[in-house]
Each structure stands twice: as C-alpha cells, then as structure tokens.
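Novice: Quick one: sequence and predicted model below, then my questions.
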Amino acid sequence: TEVLMKMTTLSTLLITAWTLVACSTETPADSNANSAATNSTETARADVAPQTAEISALFKDGTNDQNRGDKVGPVRVHGTMTSSTSGEVILYESEGRNSSEVARTTLVNRTFDFGELELGRGFFKISYNGETNATDIIINPDEPDLYLQFKSSRLSATKSAEGSAENTAWFAFQTKQVQHDQAVRKLRQGIKDAGAFRSRIEAQIKDKEEAFALEQHAMMDANPGTYFAKWLGWKNPKYPTLQGRFFEDIDPLDNSAVRSMALSDRIQKMMRSFSGGTDSGFLACIDLVKAHFEPNPFALESVLYSMLDGFYNTGKETICQYILDNYIFDEDCGANLSDVIRQRAQGIINLRVGNTPPSFRIPDVNGKMVDLSEEVTKNKYTLIMFWASWCHKCEQEIPNLVPMYNDLNPKGFGAIGISVDQQKMAWTKAIADNQIPWSNVSQLKGWDAPITDDYKITQTPTYFLLDNTGKIVLKPERWFEIQRFLQSRL
C-alpha cells in the first residue's frame, strides 16, 4: 500500500477539470455551470441513464415562510421517565450520522430538566445512562417549551410530547417508517428466488414507495410550517434524474439541514444514481455537492466531512485524498473553512498507512491499563485487532491468528485485541474459549466506545499493523496478509 495514494494520468486530468468547475466563482444557481458539469459527466460515463428535467411525483415542497431557513432561540427541554433510578440524561445535537453533546442533567424523581438552552432547528438526541439507550427528537425555537414523556425504560419505545406538533408528528412518522421498512424488506427477501415473478415484486416495491410518499405528503399538509414538514420535503429530490439539479430543492444557506440526515442521505442517493461506481463518477458528484454548498461554510464543512467519512469507511482512500487535497487543505478552495473541519479531517489522515493513529490507555480483562504507546516499543510490529465475541468473521480469523502469534511473538510480534463488546462476561468467555494469548482491552460500550470513534471502526474484524514507532505499516483485511507481511520481516 502506498503512503501517498496518487491518481492515474487520466484521473488527474478529470480532477483538474472538476476542480475548475467546483472552485468557480459562479454560484450554484448559475444554470450554465450546472449544465456544463452535467454534460461533462455524461460524456465521461455513457452508461448513465439520460437525464431529464422532470419533477418527481414523490417530491413535495415542505418549506414555507414560517419554517424557511434556520432559527436559533431559547428552548426549555424537560420531561419525565419511568425509571425510578437516578441517572444521567444527555442532550446531543445531530449532524448527519454524528452528534455532539449540548447539555447534561440528572434524572431525579423520574424527572429531568435541561433548563433553557439556545438551540437551532433540527434533530437532537436524548440518552439516558449511555448512548445505547437514546432516541431522536426535533427541537424548534417556535416551540419554546418542549415537554417529553418517556413511558418505557427504552427511550425509543413509547413516548409522547404533548403540546409539540413537531414531535407528535415525528413520533407518528417513526411508527409508519418502521411498518413501511418491514413490508419492503419482506418483499426484497423474496426477489432472489422470484424467477419470472421478479418484475412483479419490483413493481410491488415501487407501489409501496409511492404510497408511502403520499402518506408523507399528507403528514406535511397536516403540519404546515413545521421543521418536520420541511425535513420530509428533503427526503425525495425534486429532480432525481438530473445530476446538476439534484440538490436544487435544498437551500444551501439553511443551517437546519445540517442538523439532520437530509444532506448525508441525499449525497448517498446522488452517488448511487450518478457515479457509475467509478472514480471519475464519484469525483463529479463530489464537485457538484461542493459547488452547491459553497456559499455557506457551515453546511459546506458538514457535507465535505460526510463525504470524507463515507469514502473512508468504504475503503476508497484515493477519493478521500482528493477531498483532502482539493477542498479541505487547498489554499483556495479551503480558505473559508474552520479549523474544526481540518481537525476532523486530520483524524482520518492519521489512520492512513505511514501515519500514527491515536494512542490509548484502556483496561484489560483484569483491570490493568494497556498503553499503546508503551506496547509498540516492546515489539518490532504490533497488531491492533478490533473484534467482538459475537463476530462470526472473528471466529474464523482467530484460530489462524493464535498459532501465527505463538510462532512470531518470540521474534518481535505483539498484538492487542480491542473488543467492541458491551457485556464483560461475553467478552471474557470468548477470550477463554478461543484461548487468545495476546492482551485484550475493552471500554465495554459497544459501537459507542470512544476508541471506535477514534479509529472509525464500522465493522469487525478490523486490523492495523504498527511498527515500533507506532506508525501504521499495513491495514490488512485477512490474517494471511499479516502473515505474508511479517514472514519476510521477522
């Protein structure tokens, strides 16, 4: 694996062309810029379906004068929970798939009260005694007193928000969404063996999608002027077959769009619809997204990180490098970005081969602290393995890793297992059952463990092989890649 991943000559030419479009001083509203980008994209990928300027029947505009744009103002967030046990209640502000803590309070006598907070429109999350017990809510300063009632120990279960049109509608929608997803999932499961009836099942799925869109339109009509109605309007693009206008119905200056999944969901749809699965296709989409949100640095940082995060998690580090070089650390395109986005981007850069990942001090099964910075100096190479007791792929890998470790450990090979388990009993049992000889640590917080965020872990097993200076020398997918690397070096 190369330390610095480079594009081929053809890709470099495409990058240059797209950068000129994306860094143009013309605004996204300029139809000439959009059509030029679209025509170039169609020329590069002839396999993409023709693009037509037809308004989708699934689209409905949920924006009016009342909910247009963002609004920041005082909101009191308080309520009740069924739990009789005192615990910590935390409020998070959403940003796509990420969230950041806003405030915390304590549940006392089944009540909690964050007091009055200055908040903007959007989705937020409330958790009780850990992020795994959490649920999403809508906050809108148009509703300055938000009173929530959680009627189950699981916050995502039975809940209500009397006096809040936003959350009454949102909670009702969640129920409908679950029912719709279950019905569609059941149909999709039958497609594989459908044979001649495949087209009939696909038509049934399409009918259900259209019917669900009409349900959403009815909910928007019933809740005009709400953030909920505006957010529902963002779910289906106005021009789903026109790449240059794919984001046209989302106002780039509306910061409230950042506090939702709307932008990251729309980006994913664009990539699926227009990239063709090629690097040049992905670059074209990236540049159009960047051009649309360029007038608003706040939204621009969010979409850039969303794309950076998404491409990193799918192993497309060449695409990540393009975003980093051309948009985040570029002196021209990145001039208006804050240090926050660069710090977030640096977290991804640190996980690339040749760089130093975050250090950690995490207790092992006996409570002894394991310090990565100390452990790497004891060996020529140290393997970090993210795994879990319930991971079937880990079960296949570990029986091969154990003899390899026993053979190479005397020669300077060390390993640290980092479990994403939540239950200590399951974790320790898996260590014993598999007779794992290397150090094992865990924060016992599952996917919500801070270490999984630091290393951007989305699946198990995930490996990082470090040298004795702590730098990443290999990011293998299978155990035999580690063996092959070490056999010629130990």
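Specialist: Yes, it's here.
Novice: The residue nearest to the spatial centre of the chain: what's it in contact with?
Specialist: Nearest to the mean C-alpha position of the chain, by C-alpha atoms, centre = their mean, lies residue 97 at 3.9 Å. Applying C-beta atoms under 8 Å, 6 or more residues apart in numbering, we find residue 97 in contact with 261, 264, 306, 309. The way it works is simple: take the backbone N, C-alpha and C, and place the C-beta from them, glycine included.
Novice: Save those residues as CSV, and put in pLDDT and secondary structure too.
Specialist: Formatted as CSV, the contacts of residue 97 follow (pLDDT from 0 to 100; DSSP: H, G, I helix; E, B strand; the rest coil):
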residue, pLDDT, secondary structure
261, 96, coil
264, 95, helix
306, 93, helix
309, 90, helix
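Novice: could the residues you listed go into TSV alongside distance to residue 244 and neighbour count?
Specialist: Converted to TSV, those look like this (distance: C-beta to C-beta, whole Å; neighbours: other C-beta atoms under 10 Å):
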residue	distance to residue 244	neighbour count
261	23	19
264	20	21
306	20	23
309	25	21
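Novice: Now residue 442: closest residue in space, sequence neighbours ignored.
Specialist: Closest residue in space to residue 442, ignoring its immediate chain neighbours: residue 419 at 3.9 Å, by C-beta to C-beta, 6 or more residues apart in numbering.
Novice: What residues does the one you found make contact with?
Specialist: Contacts were defined as C-beta under 8 Å, 6+ apart; by that measure residue 419 touches 386, 387, 388, 389, 427, 430, 440, 441, 442, 444.
Novice: Partner strands of the helix or strand that contains residue 135 and their direction?
Specialist: Using DSSP states H and E, residue 135 sits within strand 134-139. The pairing partners recorded for strand 134-139 under DSSP bridges are strand 122-128 (antiparallel).
Novice: Can you show me the CA trace of the strand it pairs with as CSV?
Specialist: Taking Å, rounded to 0.1, in the frame of the first residue of the first chain, the C-alpha atoms of strand 122-128 are listed here in CSV:
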residue,chain,number,x,y,z
GLY,A,122,-33.2,20.4,13.8
PHE,A,123,-32.9,16.8,15.1
PHE,A,124,-31.4,16.2,18.5
LYS,A,125,-30.9,13.1,20.6
ILE,A,126,-31.6,12.4,24.2
SER,A,127,-29.9,9.5,26.0
TYR,A,128,-30.3,8.0,29.5
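Novice: mind checking how far that strand is from the chain centre?
Specialist: Put simply, strand 122-128 sits 16 Å off its chain's centre (C-alpha atoms, centre = their mean, to the nearest Å).
Novice: contact partners of that strand?
Specialist: In this structure, residues lying in contact with strand 122-128 by C-beta under 8 Å, 6+ apart are 77, 81, 83, 87-94, 99, 102, 107, 133-139, 148, 150, 155, 227, 231, 256, 258-261.
Novice: And residue 338, how close does it get to residue 328?
Specialist: Taking C-beta to C-beta, to the nearest Å as the measure, residue 338 falls 11 Å from residue 328.
Novice: So between the two, which is more surrounded?
Specialist: Of the pair residue 338 and residue 328, residue 328 is the one with more neighbours under other C-beta atoms under 10 Å, namely 21 against 12.
Novice: what's the weakest-modelled helix or strand in the chain?
Specialist: In the chain, no helix or strand scores lower on mean pLDDT, DSSP states H and E than helix 31-44, which sits at a mean of 35.
Novice: and whichever helix or strand comes after that helix with strand 134-139, angle?
Specialist: From helix 31-44 onward toward the C-terminus, using DSSP H and E, the following helix or strand is strand 72-81. Calculated by axes from the mean of the first three to the mean of the last three C-alpha atoms, to 10 degrees, strand 72-81 forms an angle of 140 degrees with strand 134-139.
Novice: in the protein, what spans have low per-residue confidence?
Specialist: The chain contains residues with pLDDT under 70 at 1-51, 332-335.
Novice: same thing but 80
Specialist: Residues of the chain meeting the criterion pLDDT under 80: 1-53, 84, 130-132, 192-196, 331-337.
Novice: Where is the longest helix in it?
Specialist: If you go by DSSP state H, the chain has its longest helix at helix 165-191.
Novice: Now do that one: which elements does it pack against?
Specialist: Under the contact criterion of 3 or more C-beta pairs under 8 Å, 6 or more residues apart in numbering; DSSP states H and E, helix 165-191 touches strand 134-139, strand 159-160, helix 198-222, helix 227-234.
Novice: Please identify the deepest-packed of these.
Specialist: Mean neighbours per residue, mean count of other C-beta atoms under 10 Å, is largest over these for helix 227-234, with a mean of 26.
Novice: List of residues touching it?
Specialist: Identification of contacts with helix 227-234 by C-beta under 8 Å, 6+ apart yields 59-63, 67, 121-123, 138, 140, 165-166, 169-170, 173, 216, 219-220, 223, 249-250, 256-257, 260, 262, 266.
Novice: Out of those residues, which end up buried?
Specialist: 59-60, 62-63, 67, 121-123, 138, 140, 165-166, 169-170, 173, 216, 219-220, 223, 249-250, 256-257, 260, 262, 266 (16 or more other C-beta atoms under 10 Å).
Novice: circling back: so what angle separates the directions of the longest helix of the chain and helix 227-234?
Specialist: In terms of direction (the same axes, to 10 degrees), helix 165-191 departs from helix 227-234 by 30 degrees.
Novice: buried ones in helix 165-191?
Specialist: Neighbour counts over helix 165-191 (16+ other C-beta under 10 Å) mark 165, 166, 167, 168, 169, 170, 171, 173, 180, 187 as buried.
Novice: With stretch 344-356 instead?
Specialist: Neighbour-count burial for stretch 344-356, with 16+ other C-beta under 10 Å as criterion, is recorded at 344, 345, 347, 348, 349, 351, 352, 353.
Novice: hmm, back to that, can I get the contacts of residue 97 in JSON lines including distance to residue 423?
Specialist: JSON lines is the format used below for the contacts of residue 97 (distance: C-beta to C-beta, whole Å):
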{"residue": "261", "distance to residue 423": "29"}
{"residue": "264", "distance to residue 423": "31"}
{"residue": "306", "distance to residue 423": "32"}
{"residue": "309", "distance to residue 423": "28"}
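Novice: what's the closest of the residues you listed to residue 375?
Specialist: Using C-beta to C-beta, residue 309 comes nearest to residue 375 of those, at 28.0 Å.
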